[in-house]
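S.K.: sequence below, structure please.
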Amino acid sequence: MEKIAFIMYQCFLFILLLLTNLFLSPFIKPPLSYIDLVAGVLQGVIWLIVIYFITVLYKRSSMRLRNKVFCSITSFILAIIFIVALENIWFEIKGEMLFNVLFFN
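M.R.: A predicted model of the protein is given here:
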């Protein structure tokens with residue numbers, strides 16, 4: 001049960017990191033402006049908070065380090081699968097890509 005909870009928490013945190021990167025990366029590009037600075041600071045703060053929670057999760061778990069790493073890799077793969085499934089469901093409902101708008105405009 002501890003491994004399932006660990007994977008679920010990690011998966012949630014990885015989804016948060018990936019979505020933050022997807023939504024804020026288009027704003028950070030040359031030439032640098034105030035919008036780039038705000039987006040970079042916001043992204044940095046979110047990444048630091050999530051990394052703090054990941055380290056707390058690692059310290060509170062009584063699993064071996066090897067199992068924690070395998071569970072983290074599994075949760076990262078599950079987070080990517082979740083985001084891809086979300087994109088596909090959005091495309092089926094709306095007929096347009098959810099994240100494609102952010103990258104190619």
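S.K.: pLDDT of the helix or strand residue 69 falls within, averaged?
M.R.: When elements are assigned from DSSP states H and E, residue 69 belongs to helix 65-94. For helix 65-94, the mean pLDDT works out to 90.
S.K.: list the buried ones in the helix or strand where residue 4 lies?
M.R.: Assigned by DSSP H and E, residue 4 belongs to helix 2-24. Using 16 or more other C-beta atoms under 10 Å as the test for burial, helix 2-24 gives 6-7, 9-11, 13-17, 19-20, 24. Any C-beta I mention is one placed from the backbone N, CA and C, and that applies to glycine too.
S.K.: check stretch 75-82 too.
M.R.: For stretch 75-82, by 16+ other C-beta under 10 Å, it's 75-76, 78-79, 82.
S.K.: can you pull the phi/psi pair for the residue sitting furthest away from the middle of the chain?
M.R.: Farthest-out residue of the chain from its mean C-alpha position, per C-alpha atoms, centre = their mean: residue 31, at 25.9 Å. When read as degrees, to the nearest 10, the backbone of residue 31 gives phi -70, psi 140.
S.K.: could you measure from it over to residue 37?
M.R.: 12 Å (C-beta to C-beta, to the nearest Å).
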